[in-house]
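In: model this:
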Amino acid sequence: MAGKGARIDGYLVVGGLYHDLDFARLELLKLLNEDERLRIRIGEDYSDLDTITKADFLMSFTVDVLPTDVQQARLEQYISDGGRWFALHGTNSIIEWTPEGKVATPRKAPAFMRLLGSQFIAHPPIMEFDVIPSRPDHPLVAGIDTFRTSDELYLSELHDPDEVLLHCHYNGKAQDGFVEEDWHSDEPRPVMYIKRTGDGEVLYLTLGHCRGKYDMQPLMKEYPHIERCSWETPEYYELLRRGIRWAARLEA
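Out: As a prediction, this is how the structure comes out:
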């Protein structure tokens, strides 16, 4: 997809609910600005399909931002034709509140979740956990040892990711309030993986929760404390940098 001389065009989608999107957007733009060849357009959703599908790569940090059926089909074609998408945190989330006040994660977009390789279902309370290399020889994680972070540990429904690069473990219940609470299994929980479709690939990294004082409105007027989670971990920034280079085909 790349090849417009020295310039490489990227499209960054940052939008959704209950997260400090200003913080995430700024941090990602600072990383994207580290290479002068990268020129970035920004949106809050996937509505600017013409610009997205002309870009050399796509990057997203969203929570409960679901493309329309038409947008999903165009995104799938974009990846199938050889595009690369670096998807972060809640890009794979669909959140609905039940009449009882619980959080449901309905399977309303199976094609979209197959494209991404997983769908977020629940997480335990923010906690410390170890992130473990699954493929320590892979360039995206080579030299990064097991590290400890504090974050939302994603409990997801998997759709056949092709290469799991990082994983963690969790055996227990999700946070109170999620409809699907029981996650009793010793199986590895993917944290970073590659999902291939046609000639293209999605690189998914689940880490990156962040929340500020006003980000839970209208559910609450002020959130009691600022959460930065993996953004306070040097390994996370290294993974972001490597993911950007991968997406923009700057590996060499």
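In: ok, the spatially closest residue to Phe120 that is not a sequence neighbour - how many residues close by?
Out: Excluding its sequence neighbours, the residue lying closest to Phe120 (C-beta to C-beta, 6 or more residues apart in numbering) is Ser93, at 4.2 Å. (C-beta placed from N, C-alpha, C; glycine too.) By other C-beta atoms under 10 Å, the residues close to Ser93 number 20.
In: now His159
Out: 17.
In: Touching, it and Phe120? I think so.
Out: No - look at His159 against Phe120 with C-beta atoms under 8 Å: they stay out of range, at 11.9 Å.
In: Residue ranges in this protein under the pLDDT threshold?
Out: By pLDDT under 70, the weakly predicted segments of the chain are 1-5, 252.
In: What segments of the chain are helices?
Out: 21-32, 49-54, 69-80, 110-116, 234-247 (DSSP state H).
In: could you dump these to a markdown table with mean neighbour count and distance to Lys195?
Out: Formatted as a markdown table, the entries for the helices of the chain read as follows, by neighbours: other C-beta atoms under 10 Å; distance: least, C-beta to C-beta, whole Å:
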| stretch | mean neighbour count | distance to Lys195 |
| --- | --- | --- |
| helix 21-32 | 17 | 20 |
| helix 49-54 | 14 | 18 |
| helix 69-80 | 17 | 9 |
| helix 110-116 | 19 | 7 |
| helix 234-247 | 19 | 13 |
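In: how about those helices, which one is nearest Cys210?
Out: helix 21-32 (5.3 Å; C-beta to C-beta).
In: residues in contact with the closest one?
Out: With contacts defined as C-beta atoms under 8 Å, 6 or more residues apart in numbering, helix 21-32 is touched by 10, 12, 14-15, 38, 40, 42, 59, 61, 88-89, 208, 210, 212, 215, 228, 231, 237, 240-241, 244.
In: All set, thanks.
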